[in-house]
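Participant: The following block contains a protein sequence and its predicted model.
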Amino acid sequence: MIDNYCIAANIRYYRLQRGMFQEDLGEALHVSKSLVSAWERGVNHVPRQRVPEIARALQVSEEQLLGLTEEDRDYLQSLRDSVGMT
């Protein structure tokens, strides 16, 4: 299960690392600044389908945005390998 508060903290962290304001991220994602704020505070859940788009806007991998550990990444890679995804 995806931890919404981990994603919320990571959105804020990576946004600030990129020197972006909430408004900047909102414009990049075509959403309001208030929605970005709600995601960062964990008030609204980040829709699963938005994760790739947010990660691209923040210039991080989806795994980084989701806060996955090295063990999680290895497990996901083994699943991808087992079904022929790379």
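Facilitator: Received it, and whenever you're ready, just let me know what you need.
Participant: Let me know the distance separating Ala57 from Met20.
Facilitator: For Ala57, the distance to Met20 (C-beta to C-beta, to the nearest Å) stands at 8 Å. Yep, even glycine has a C-beta here, placed from its N, CA and C like the rest.
Participant: And those two? Which one has more around it.
Facilitator: For Ala57 versus Met20, neighbours defined as other C-beta atoms under 10 Å are more numerous around Ala57 (21 against 17).
Participant: I'd like to know how many residues surround Ile54.
Facilitator: If you count neighbours by other C-beta under 10 Å, Ile54 ends up with 24.
Participant: which element is it on?
Facilitator: helix 51-58 (DSSP states H and E).
Participant: Quick check, central residue of this protein?
Facilitator: Residue closest to the mean C-alpha point of the chain, counted by C-alpha atoms, centre = their mean, is Leu65 at 3.5 Å.
Participant: Just the element for that one, please.
Facilitator: Taking DSSP H and E as the definition, Leu65 sits inside helix 62-66.
Participant: next SSE after that helix?
Facilitator: Using DSSP H and E, the next helix or strand after helix 62-66 towards the C-terminus is helix 70-82.
Participant: My read is that Leu25 contacts Arg56, right?
Facilitator: No: between Leu25 and Arg56 there is no contact, the gap being 11.3 Å when judged by C-beta atoms under 8 Å.
Participant: Okay, now the unreliable bits of this protein?
Facilitator: 1-2, 85-86 (pLDDT under 70).
Participant: Alpha carbons of whichever strand or helix holds Trp39, as CSV, please.
Facilitator: Per DSSP H and E, Trp39 falls inside helix 33-41. The C-alpha atoms that make up helix 33-41 are tabulated as CSV, following Å, rounded to 0.1, in the frame of the first residue of the first chain:
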residue,chain,number,x,y,z
LYS,A,33,-1.7,25.7,-6.1
SER,A,34,-4.3,24.8,-3.5
LEU,A,35,-4.4,21.2,-4.7
VAL,A,36,-0.6,20.9,-4.6
SER,A,37,-0.8,22.3,-1.0
ALA,A,38,-3.4,19.7,-0.1
TRP,A,39,-1.3,16.9,-1.5
GLU,A,40,1.8,18.1,0.4
ARG,A,41,-0.2,18.3,3.7
